[in-house]
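>>> Just the structure for this:
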Amino acid sequence: MTGPEQKEKLERYSRQMLLPQFGAKGQEALSAARVAVLGAGGLGSFSASFLVRAGVSFVRIVDRDLVELSNLHRTALFDENDVGDPKVEALARRLSRINSEVTVDPQVADVNAWSILQLIEDVDLVVDGFDNMEARYILNDAAVSLGIPWIYAGTIGSDATVMSIIPGQGPCLRCVLPELPPPGALPTCETVGVLPVAPAFAASFQVKEALNVLLGKGRPGRLHSFDLEGDRFQTADIEASPQCPTCTHRNFEFLNQDSGTRAVSLCGRKAVHIHPRKPSLLDLKRLAEELSATYKTSYNGSYLSVVADGLETIVFKDARAMVKGTRDVEQAKSIYSRLVGM
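Residues are numbered from 1 along each chain as shown. Sure thing, here's the model as predicted:
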């Protein structure tokens, strides 16, 4: 590195290098680190931005969706001109102009049991930017199997939750939540909304935890919960469970292609049928009331019809659904995740 390049680098990161946990050695560690951000929505867009600004050398961003107008109130760096573009490509354009020293690797892809190992096997840490729980259980299996740390984070309404998961040093996601919650058991941003600042707040704390792990100062097993509306902040110390099927017994069932939610394009019909492996009884009347503020809905006592993204989704009481007007399985799963949750 030449003298002018070194001077520019010192100037760019001078404020964080003054911090005792960083310094010159810490900045060198970040300059050699590789991170994957899975999801480029509210959480992922802010987290990717913070990581690039901090000087992490390589940031891979993975998301399957396009920028929508409803995304703009809670995401980083997107604007109206980006609507309709792949999220990762729009985000990569901005991030490359913020810090040209960082390699930004946008991947327009679905994260699932078949793709996740290839997407994360060459990174040092994974940042969770997902909007559904099934994807997090798949990530947990993959990260524990590969021994790669990951930072869990989630936001809904005005609440946020963050936890560092470091395989071999503390609990994994299934030590905290042993079973995947059934569809409809958890609220979604489509049903209860999301405070615009909540993703940015959670991402700030999430990246703080990520930087600590990259600097060798991670603290696994501390579950941080925030209620931004009620100004309540709590931290719980979680122990690894000796009964955990994932980190104790090394049973990676969510990496098995037969696990999770099945989505099948129906032969001879332009529709996708979605069938959770563990059906649950949905309160369709309540779901209809929650979604009616945003979507055209119709509930007849037997099933709920919702029009989203120009497609009709029929949701049944046992959490099955049919997305009409498409053969794209991933598009159908995305709609289902937003309306019902996975």
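
>>> neighbours of the nearest residue in space to L311 that is not next to it in sequence, just the number please.
Nearest non-adjacent residue to L311, counting by CB to CB, 6 or more residues apart in numbering: G325, 4.4 Å away. Every residue, glycine included, has its C-beta placed from N, CA and C. Using other CB atoms under 10 Å, G325 has 16 neighbouring residues.

>>> Then the one 3 residues further on?
A count of neighbours around D328, defined by other CB under 10 Å, yields 16.

>>> what do you get for E134?
Neighbour count of E134, defined by other CB under 10 Å: 23.

>>> Repeat that for the one 10 residues further on.
Burial measure for V144: 23 neighbouring residues, criterion other CB under 10 Å.

>>> So it versus S115, what's the distance?
17 Å (CB to CB, to the nearest Å).

>>> Repeat that for G193.
Taken as CB to CB, the span from G193 to S115 is 30 Å.

>>> Over to G301?
39 Å.

>>> quick one: average pLDDT of the helix or strand that contains L43?
Using DSSP states H and E, the element containing L43 is helix 42-54. Mean per-residue pLDDT for helix 42-54: 96.

>>> Quick one: mean pLDDT for the helix or strand that comes right after that helix?
Moving toward the C-terminus from helix 42-54, the next helix or strand (DSSP H and E) is strand 58-63. The average pLDDT within strand 58-63 is 96.

>>> Can you give the contact residues for the helix or strand that comes right after strand 58-63?
Moving toward the C-terminus from strand 58-63, the next helix or strand (DSSP H and E) is helix 87-98. For helix 87-98, contacts defined as CB atoms under 8 Å, 6 or more residues apart in numbering pick out 40-41, 45, 48-49, 52-53, 59, 61-63, 65-67, 71, 76-78, 82, 102, 104-108.

>>> Contacts only, for F233.
If you count contacts by CB under 8 Å, 6+ apart, then F233 has 224-227 around it.

>>> Need the three-state assignment for it.
Following DSSP: H, G, I helix; E, B strand; the rest coil, F233 is assigned to strand.

>>> Distance-wise, check it relative to L211.
Noted for F233: a distance of 20 Å to L211, by CB to CB.

>>> Tell me where the stretch 101-250 of the chain has strands.
103-108, 125-128, 150-156, 159-165, 222-227, 232-237 (DSSP state E, counting those that start in this stretch).

>>> These into a markdown table, with extra columns for mean pLDDT?
As requested, those are exported to a markdown table (pLDDT from 0 to 100):
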| stretch | mean pLDDT |
| --- | --- |
| strand 103-108 | 94 |
| strand 125-128 | 98 |
| strand 150-156 | 94 |
| strand 159-165 | 95 |
| strand 222-227 | 94 |
| strand 232-237 | 94 |
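
>>> Rebuild the ones you listed as JSON lines, extending it with distance to Q21.
Below are the strands of the stretch 101-250 of the chain laid out as JSON lines (distance: least, CB to CB, whole Å):
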{"stretch": "strand 103-108", "distance to Q21": "24"}
{"stretch": "strand 125-128", "distance to Q21": "16"}
{"stretch": "strand 150-156", "distance to Q21": "16"}
{"stretch": "strand 159-165", "distance to Q21": "15"}
{"stretch": "strand 222-227", "distance to Q21": "16"}
{"stretch": "strand 232-237", "distance to Q21": "19"}
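
>>> Determine how far the last residue of stretch 162-176 lies from the first.
Terminal residues of stretch 162-176 lie 12 Å apart, using CA to CA, to the nearest Å.

>>> neighbouring contacts of that stretch?
With CB under 8 Å, 6+ apart, stretch 162-176 has contacts from 136-137, 140, 143-144, 147-153, 202, 205-206, 209-210, 212-213, 218-224, 226, 238-241, 244-247.

>>> how about a cut-off of 7 Å?
136-137, 140, 143-144, 147, 149-153, 202, 205-206, 209, 213, 218-224, 238-241, 244-247 (CB atoms under 7 Å, 6 or more residues apart in numbering).

>>> Would you mind stating the distance between I274 and K324?
In terms of CB to CB, I274 sits 12 Å off from K324.

>>> on that earlier part again, in helices, which of the contacts of stretch 162-176 fall?
Those of these mapping onto helices are 136-137, 140, 143-144, 202, 205-206, 209, 213, per DSSP state H.
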